[in-house]
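*Asks:* Give the three-dimensional model of this entry:
(2 chains)
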Amino acid sequence: MHVEQISIFIENKFGRLAEVTRILGDAGVNIRTLSLADTSDFGILRLIVNDTEKARTVLKERGFTVSKTEVVAVEIPDRPGGLADILQVLDADGINVEYMYAFVERCGENAVMIFRFDETQKAIATLTGKSFNVLPGERLYSM
Amino acid sequence: MFFNEEFETLPREALEALQLKRLKAMVARVEKSVPFYKDALAKAGVTSDSIKTLADLQRLPFTYKQDMRDSYPYNLFAVPMEDIVRIHASSGTTGKPTVVGYTRKDIETWSELMARSFVAAGVHKGDIIHNSYGYGLFTGGLGAHYGAERLGASVIPMSGGNTKKQIMIMQDFGSTVLTCTPSYSLFMAEAAREEGIDFRDLKLRVGIFGAEPWSEEMRRDIEGKLNLSAVDIYGLSEIMGPGVAIECCEAKKGLHVWEDHFIPEIINPETCEVLPEGQMGELVITTITKEGIPLIRYRTRDITSITYEPCVCGRTHARIARMSGRSDDMLIIRGVNVFPSQIEAILMGVEGVEPHYVLIVERKDNLDTLEVQVEVGENLFSDEIKHLQALSAKIEKQIKEMLGVTCRVRLVEPKSITRSEGKAKRVIDNRNKA
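*Replies:* Next up is the predicted model:
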């Protein structure tokens, strides 16, 4: 039920982000969503794309440090308190959110959030147990 | 002004006769008491009896820093431990320092040479010496301290760091002499200015600066901003510590090497031939009076030249020029000696780190800064910022603990560090550029 995300190490240097996106564009890889975590020296670009393996291969060929990470996509009712409800459930089960960001597309009436947990499987079990809709990767890649 | 006029102004001929006598006596001691030298001298085919003139010094073998490391900790000592009253050490390549031991007489000699150095710099009894050299295993603090006491001046054992307190004490105690690294003096003056204190209004008269290379431009800068007379001092723990050589305040043109205790030579570091007066090369020093750990032809790796021309101050001891570099890759960062290989050894001890790193040294606000760039390959990469930041912090901490130097680790993309054919370019030193 998890989603594959690729993470890329990027130095805080002029034009690096442009280069990554250009390499992916030229390879015909479509970015579904992204988030950028940054410090003064470097950033970590996290991407969900329509073809994870291809994205990884082309970036590695160009000398980037790339890793694959498992994240979880969850549908969240698009209303006040929607995100709070989910976080409360996770908190109750002692599951840590390492980071999270929003998916750009909506899924019907709902928003979609991407989570990175310290314990992915346990988080999925908790969420499905509480009837939250966890989206499989295939749905996201083609959304 | 002299501290020991007789010896400081000994006519050249008498000085050289004394050197020869002391050299023979020193070689006679080590060939008996230090197995390392017994072997080395036998290999070179030299005995103390076969030394007839000072030119015979050239037949003696060199001593390298590596020999000291191989003898860790006490194997080069020439006297039993019960005769050693003090031990100092400088940082080493793999965490093991280079160790030196002093007998009571060695401490007395050191104190006298440091006292001579103070007087040569224009210091006298009645001066208040603010000693900001570090106290501890490093020879700077205690070396200057004992010399100050020997001279009879009042010494304030400040040690390094805590700049605000340094400034307060200098102001309140009426310090007239400052001893520290040249860059730290400017750093303090800058820090004082931010507090609204002008160093030029303090009572400081003389500054004795060493433990790192500096330039004539920097001297002018310091003398202008601190309103004092700045002189260069040279020393290294292997030979003794601070006070091996000093500029006289009269000429400020070259550092007098106390030749009744040390014989300096300048050699071509590649061919090892001894170079004539005035030519640049590596400074090699033989200690002729030291008891604890006498060294024969120690390769300092410092690049300079020597002159025997008479000096206006009246001292007859030869002068070496300001150090202009190193014949190895050693860096001096805030007075701390750092070899790139030491940092490499620490990096290689961290799981996942590849041997691609570069050291960038700069001088910002008059203080040296060291940046260690480490490439982030797949083995090191984490998708979470906190892991990468913890990694940088871990490396910074280890370098601080092992080498005593504060650095900043910057994580960089793979292959952003230039791979050169053959020898990798590991060090970018931007200090002498601006």
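*Asks:* Leaving out the residues flanking it, which one is nearest to B:N430?
*Replies:* Sequence neighbours aside, B:E362 is the residue nearest to B:N430 in space, at 4.7 Å (criterion: C-beta to C-beta, 6 or more residues apart in numbering or on different chains). Placement of C-beta: from N, CA and C, glycine included.
*Asks:* got the buried residues for whichever strand or helix holds the one you found?
*Replies:* For B:E362, the host element (DSSP states H and E) is strand B:357-364. For strand B:357-364, the neighbour count (16 or more other C-beta atoms under 10 Å in any protein chain shown) marks B:Y357, B:V358, B:L359, B:I360, B:V361, B:R363 as buried.
*Asks:* Counting by contacts, list what it packs against.
*Replies:* strand B:331-333, helix B:340-348, strand B:367-375, strand B:427-429 (3 or more C-beta pairs under 8 Å, 6 or more residues apart in numbering or on different chains; DSSP states H and E).
*Asks:* so for the longest strand seen in chain A, what's the average pLDDT?
*Replies:* Ranked by number of residues, the top strand in chain A under DSSP state E is strand A:66-77. The average pLDDT for strand A:66-77 rounds to 93.
*Asks:* Toward the C-terminus, what is the element adjacent to it?
*Replies:* That would be, after strand A:66-77 and using DSSP H and E, helix A:82-92.
*Asks:* And the contacts of that next one?
*Replies:* By C-beta atoms under 8 Å, 6 or more residues apart in numbering or on different chains, the residues outside helix A:82-92 that reach it are A:V74, A:I76, A:P77, A:V97, A:A111, A:M113, A:F117, A:A123, A:T126, A:L127, A:K130, A:F132.
*Asks:* For the helix or strand following that helix, buried residues please.
*Replies:* Following helix A:82-92 in sequence order, the next helix or strand is strand A:97-102 (DSSP H and E). In terms of neighbour count (16+ other C-beta under 10 Å), strand A:97-102 has its buried residues at A:V97, A:Y99, A:M100, A:Y101.
*Asks:* So what pairs up with the residue nearest to B:N268 when sequence neighbours are not counted in the strands?
*Replies:* Spatial nearest neighbour of B:N268, chain neighbours left out: B:G281 (5.3 Å); criterion: C-beta to C-beta, 6+ apart. According to DSSP bridges, the partner residues bridging B:G281 are B:T304.
*Asks:* returning to that earlier point: direction included, what does the longest strand of chain A pair against?
*Replies:* Strand pairing for strand A:66-77, determined by DSSP bridges: strand A:3-11 (antiparallel), strand A:110-117 (antiparallel), strand A:134-135 (antiparallel).
*Asks:* between these, which one is nearest to B:F339?
*Replies:* strand A:3-11 (27.1 Å; C-beta to C-beta).
*Asks:* and the angle from that closest one to strand B:367-375?
*Replies:* 140 degrees (axes from the mean of the first three to the mean of the last three C-alpha atoms, to 10 degrees).
*Asks:* angle of strand A:3-11 against strand A:97-102?
*Replies:* Using the same axes, to 10 degrees: strand A:3-11 against strand A:97-102 is 100 degrees.
*Asks:* Just give me how far strand A:3-11 sits from the chain centre.
*Replies:* 9 Å (C-alpha atoms, centre = their mean, to the nearest Å).
*Asks:* So which residues make contact with it?
*Replies:* A:16-17, A:20, A:41-49, A:52, A:55-56, A:59, A:64-73, A:114, A:116, A:135-137, A:140, B:376, B:381, B:383, B:411-413, B:416.
*Asks:* CA atoms only: put whatever helix or strand comes next after it into CSV for me.
*Replies:* Remark: after strand A:3-11, the chain's next helix or strand is helix A:16-26, criterion DSSP H and E. Extracted C-alpha coordinates of helix A:16-26, given in CSV (Å, rounded to 0.1, in the frame of the first residue of the first chain):
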residue,chain,number,x,y,z
ARG,A,16,20.7,22.8,-9.4
LEU,A,17,17.0,22.4,-9.1
ALA,A,18,16.6,23.5,-12.7
GLU,A,19,19.0,20.9,-13.7
VAL,A,20,17.2,18.0,-11.9
THR,A,21,13.9,19.0,-13.4
ARG,A,22,15.4,19.4,-16.8
ILE,A,23,17.0,15.9,-16.7
LEU,A,24,13.7,14.4,-15.7
GLY,A,25,11.8,16.3,-18.3
ASP,A,26,14.1,15.2,-21.1
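*Asks:* Could you list everything the residue nearest to B:N430 pairs with in the sheet?
*Replies:* B:T369.
*Asks:* ok, now A:V97?
*Replies:* A:F117.
*Asks:* Next one: it from chain B, what distance?
*Replies:* Using C-beta to the nearest C-beta, to the nearest Å, A:V97 is found at 11 Å from chain B.
*Asks:* Show me the chain divided up by domain.
*Replies:* Assuming you mean chain A. Domain segmentation of chain A under automatic domain parsing yields A:3-69, A:72-131.
*Asks:* wait, chain B
*Replies:* If you go by automatic domain parsing, chain B breaks into B:5-328, B:332-429.
*Asks:* looking at chain A, which helix or strand does the model trust least?
*Replies:* Here the helix or strand of chain A ranked lowest by mean pLDDT, DSSP states H and E is helix A:137-141, holding a mean of 84.
*Asks:* Would you mark the buried spots in that one?
*Replies:* Buried residues in helix A:137-141 (16+ other C-beta under 10 Å): A:G137, A:L140, A:Y141.
*Asks:* ok now do the first one, which residues does it touch?
*Replies:* Contacts here follow C-beta under 8 Å, 6+ apart; on that basis A:G137 touches A:H2, A:V3, A:E4, A:A73.
*Asks:* Burial check on the third one, number of neighbours?
*Replies:* The number of residues packed near A:E4 is 18, by other C-beta atoms under 10 Å in any protein chain shown.
*Asks:* for B:F62, what are its contacts?
*Replies:* B:C272, B:V284, B:I296, B:R297, B:Y298, B:R299.
*Asks:* Checking the first one next. Helix, strand or coil?
*Replies:* Look at B:C272: counting by DSSP: H, G, I helix; E, B strand; the rest coil, its state is coil.
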